[in-house]
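S.K.: After the sequence you'll find the predicted model.
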Amino acid sequence: MHKMNGWSKFLLGAVAGAAIVYTVKKYMCNRSLPEAFKLPFQFKQGQVPPKIKSIYPDRQTFAFKHDSPIWIEFDMPMNSASITKETVIIKSSASEEPVEGLLDSGSRIMMFRPYGDYPMDESGAEITITLLGSETGSGVIIDERGIALDGDNDGKAGGDFVYTYRIVR
């Protein structure tokens, strides 16, 4: 094996340095500085909209409880004045009218309790809960900052949250 003397090391270093300078000039100097250091991903602009964190009960528990309350937890404090019977719609597949009941909301939790059993036909029913995140003339659910619910979970404010339970006789 050949040992490198000082002169060989210097020459090798100069060639490597020239290659680095050439590469930097070719790929970075033809661009503006911000473009040269552009990150390969985008940061989200603006504020993050509120989302549904959890819903209770689970579908299996709900299936046999014909008058079960529904609790929905949000991931941030909500404007409880925006959570109304116009922005929270509970429907049964066995009835044209929304299900009547008590709607109560706090900062992060909303609860709906029907006044009686959910309307059912001979086999049961599908109970659908819709929380409006899109303006429909009835209003929209917003958080304390005034940002609309991200109901469709696309990362942007707006979109309705729809969840369906099945109850059986």
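M.R.: Arrived safely, thanks for sending. Numbering: from 1, shown residues only.
S.K.: Neighbours of P57, how many?
M.R.: Counted with other CB atoms under 10 Å, the neighbours of P57 add up to 14. Bear in mind the C-beta positions are built from the backbone N, C-alpha and C, glycine included.
S.K.: Could you do P114 as well?
M.R.: Residue crowding around P114 was assessed by other CB under 10 Å; the count is 19.
S.K.: my read: it touches S92, true?
M.R.: No - distance between P114 and S92: 9.3 Å, which falls outside the contact criterion (CB atoms under 8 Å).
S.K.: joint contacts of those two?
M.R.: Residues touching both P114 and S92 by CB atoms under 8 Å, 6 or more residues apart in numbering: V99.
S.K.: Kindly provide the distance from the residue nearest the centre of the chain to I52.
M.R.: Nearest to the mean C-alpha position of the chain, by CA atoms, centre = their mean, lies N153 at 3.4 Å. Look at N153 and I52: by CB to CB, to the nearest Å, they are 8 Å apart.
S.K.: per-residue confidence at F74?
M.R.: What the model reports for F74 is a pLDDT of 97.
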